[in-house]
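>>> I would like to see how this sequence folds:
(chains A and B)
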Amino acid sequence: MVKTAVKAAEEYEGQYEYATFELPNEELFLPGHGLCAGCTIGVIARHMLKVFGPDTVVVNATGCAEVSTVVYPRTNWAVPWIHVAFGNGGSVASGIEAAIKALKRRGVIDPSRKINVVVFAGDGGTADIGFQALSGMLERGHRVIYVMYDNEGYMNTGIQRSGTTPFGASATTSPAGKVVPGNTRHKKPMAAIAAAHGIPYVATANPAYVHDMVYKFKKAIEVDGPSFIHVLQSCTPGWRFEPKYAIRVLELATETGYWVNYEIENGEFRVTLPVPRRKHVKCFLQLQGRFRHLKPDEIEYIQKVIDRDVEEINRIMGREVIGPVDPSLPCLTERK
Amino acid sequence: MTAQALVPREKKIAQKRIALTGNHAVALAVKMCRPEVIAAYPITPQTPVVEKLAEYVNNGELDAEYIPVESEHSAMSASIGASAMGARTFTETSSQGLMHMYENLPIAVGLRLPIVMGVAARTISAPINVWGDYSDVMTMRELGWIIYIVQNAQEAFDTIIQAYRVAEDQRVHLPAVVAYDGFWTSHVLQPLDVPEDEEDVMRFAPITRSWVKLDVDNPLQLGAVGTPEWYWEVRWQAAEALRESLKVVEEVDREFGKWFGRSYGLFHTYRLEDAELAIVTYGSIYGLVKKVVDRLREEGVKAGALRLRVIRPWPGHQLRKALDRVDKVFVIDRAINHGGPLIGPMATEVAATLQRPVYNALATIGMRAIDSDMIYEAALKVAKGLWAPNQTYTIGLRGGYE
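Numbers count the residues shown, from 1 in each chain, chains lettered A, B, ... in the order given. As a prediction, the model looks like this:
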């Protein structure tokens, strides 16, 4: 049980402080990709590479990011990039990391050179088909950064449900039918599952809060061992919202407490983005077509589940970091 | 990056005779080839290989990263990642393990990675059976791997070394598998000659690094989406490389003979020169077959034998030369070609090569024991015309076709 023990970070004083560091102007995730308008995979990949730098090897699992960024003969990656299959990002990266170690020992690669190995995989390639390879990689302690972009479904094959599809969402394999109102299960808590492996660094991130996200990438490359970053990613065709709301819908995920940005560093749990007053979850749901069929009691049920999760997070933190629902907050505020 | 450093040998390298099981012979050969990454998962009957390699690594006898992966799917995935990074890699499996790797087997080919894999051949489920036949290896024929099937511990040892030289040759850059009988070879203690100076193996098969793909100084994308405009050309290059690798396989085998005093050819023949009946098979039962040939010869039947050794690439031209003038070609297959034109996979390929019907029988399925008497009786039926070509026969199956 030692491995799974999580306690609140003691130094937490109500406000998380980010170390400042400069992001280079250099772009390693190149323009010209085939991602959908309003897709936030590009935001994640671009900032990830700005932090990781050119001495990075990217392992891409099969998925949206792979098919839309590396269609031969063009590519959007200015770093070594490999795609092998759907379910083996973790194990391909394990092999690369081991090879780097061995080749450094034999002097083939300069031993002083720090090469980051990163797996960039979607929720299917991480939480479902790639789960075993991920778990093996974490358990064996490879120094690999695993970035999971979670669009909450098999968006690449056309919006089928995955293990991280939220309750109530309509997907093509969990359609909102006359008897079953969409997906009947809750999201698989991947960050918590990764943390249960006792690895040095686990975080959740949201591209709507870039400073928080890049800081977590930075922390991940600095640890000696595996790190896992679960990033929420909005999907225009899968979530069914207008492309202009790509970031807005992600903000609402955090503002409603549907998504909590936290990190677990050597077993210490810390919410990195406190939300003093929450919006009602309907604000997040009503912006998206995949929840359009939900009835008021189903929405209230989702709200209750979030309330329970928030309570648990506050309990671990020992203080109220995610506040109560404030009905007076408007769902969409005018941008300043 | 670097050319093959071939040092011509004035005399054969010094060797010593020891006794090892087939599995331990493979492990020793791998150790002498100094792989940098080994990713392995245990499965009977190959487990002693990966155990021995772990011992070598943990005792400091082999400087390699040993990844005790959580499945064979990951064993092949990690081997692909490590090989793409430029490391010499090794993995080994059998049966269901190979089936579990399956998705990644053609990927290693498409990415042109010189992974060397051992297979202690075992049949496939269901029903579950951990014993030896060639059902697992035969499924790899369409995938683009170089496939060796060897007869004994000595040949397994020698062929692992050859496989590294061939796979890493820049004319090839393909993965290679060395298969040997589960149990009958993998677990039986046999005498074999091994080099006294392990460095001789590295001199024969130096790591060329000519296949390195992932290099932070020269970034490239490996495993991109190959649209219908591009896929075929890329895959065709791998298919052509495999076809062309036949001469590298032969060349390396000849060269190996000069250094180590043993070479095996693409296939082995026994008293085939004037044979009217040829028994064609593969793996360890060749010893029994040779005994049967001698017995048939004593009784006036002009028999000969041929053991297939390299089945991918298929040495069709050479096989035709060896078998064309033989009256009756009798293939003893050790895997079932379910519902195929002939019940055995190799019989199908030999028949296509010779462009005429061949005699075919299955034996050793699920490691059903056979002896030379049973092979003799079957061969005699072929010789006497009691068995017909293009038909299904079995050796040792209760209620089978005899």
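
>>> ok, A:Gly90 touching A:Tyr146?
Yes. Using Cβ atoms under 8 Å, A:Gly90 and A:Tyr146 qualify as a contacting pair, with a distance of 6.8 Å. Yep, even glycine has a C-beta here, placed from its N, CA and C like the rest.

>>> Could you tell me which residues touch both of those two?
Both A:Gly90 and A:Tyr146 are in contact with A:119, A:134, A:137-138, where contact means Cβ atoms under 8 Å, 6 or more residues apart in numbering or on different chains.

>>> which ones are touching residue 134?
Chain wasn't specified; assuming chain A. Applying Cβ under 8 Å, 6+ apart to A:Leu134 gives the contacts A:89-90, A:119, A:126, A:146, A:194, A:228.

>>> not quite, I wanted chain B
Residues in contact with B:Tyr134 (Cβ under 8 Å, 6+ apart) are B:121, B:149, B:179, B:282-283, B:333-335.

>>> Buried residues of stretch A:47-63, list them for me.
With burial defined by 16 or more other Cβ atoms under 10 Å in any protein chain shown, the residues of stretch A:47-63 counted as buried are A:47-54, A:56-63.

>>> Stretch B:299-312 too?
Of the residues in stretch B:299-312, B:301-312 count as buried by neighbour count, 16+ other Cβ under 10 Å.

>>> repeat for stretch A:30-50
Of all the residues in stretch A:30-50, those buried under the rule 16+ other Cβ under 10 Å are A:33, A:35-36, A:38-50.

>>> Give me the contacts around stretch B:332-340.
Counting by Cβ under 8 Å, 6+ apart, residues outside stretch B:332-340 touching it are B:123, B:133-135, B:137-138, B:279-283, B:285, B:289, B:343-348, B:360-365, B:375, B:378, B:395.

>>> Now it: buried residues?
Of the residues in stretch B:332-340, those buried by neighbour count under the rule 16+ other Cβ under 10 Å are B:332-337.

>>> What average pLDDT does it get?
For stretch B:332-340, the mean pLDDT works out to 97.

>>> can you map out the helices along the stretch 101-250 of chain A?
Listed in chain order, the helices of the stretch 101-250 of chain A (DSSP state H, counting those that start in this stretch) span A:123, A:131-140, A:190-195, A:210-222, A:246-255.

>>> most neighbours per residue, which of those helices?
helix A:123 (a mean of 27; mean count of other Cβ atoms under 10 Å in any protein chain shown).

>>> Check which helices and strands it sits against.
Secondary-structure packing of helix A:123 (3 or more Cβ pairs under 8 Å, 6 or more residues apart in numbering or on different chains; DSSP states H and E): strand A:145-150.

>>> Quickly run through the sheet partners of the strand it packs on, with directions.
Strands flanking strand A:145-150 in the sheet, each with its direction: strand A:116-122 (parallel), strand A:227-232 (parallel) (DSSP bridges).

>>> quick one: average pLDDT of the next helix or strand after the first one?
Downstream of strand A:116-122, the first helix or strand assigned by DSSP states H and E is helix A:123. For helix A:123, mean pLDDT is 98.

>>> Could you check how many residues crowd around residue 166?
You didn't say which chain, so I picked chain A. Counted by other Cβ atoms under 10 Å in any protein chain shown, the residues lying close to A:Pro166 total 22.

>>> nope, chain B
If you count neighbours by other Cβ under 10 Å, B:Val166 ends up with 26.

>>> and the residue in chain A that chain B sits nearest to, which of the three is it?
Per Cβ to the nearest Cβ, A:Gly95 is where chain A lies closest to chain B, at 3.0 Å. Reduced to three states with DSSP: H, G, I helix; E, B strand; the rest coil, the structure at A:Gly95 is helix.

>>> Tell me who's in contact with it.
The contact partners of A:Gly95, by Cβ under 8 Å, 6+ apart, come to B:37, B:39, B:67, B:77-85, B:89.
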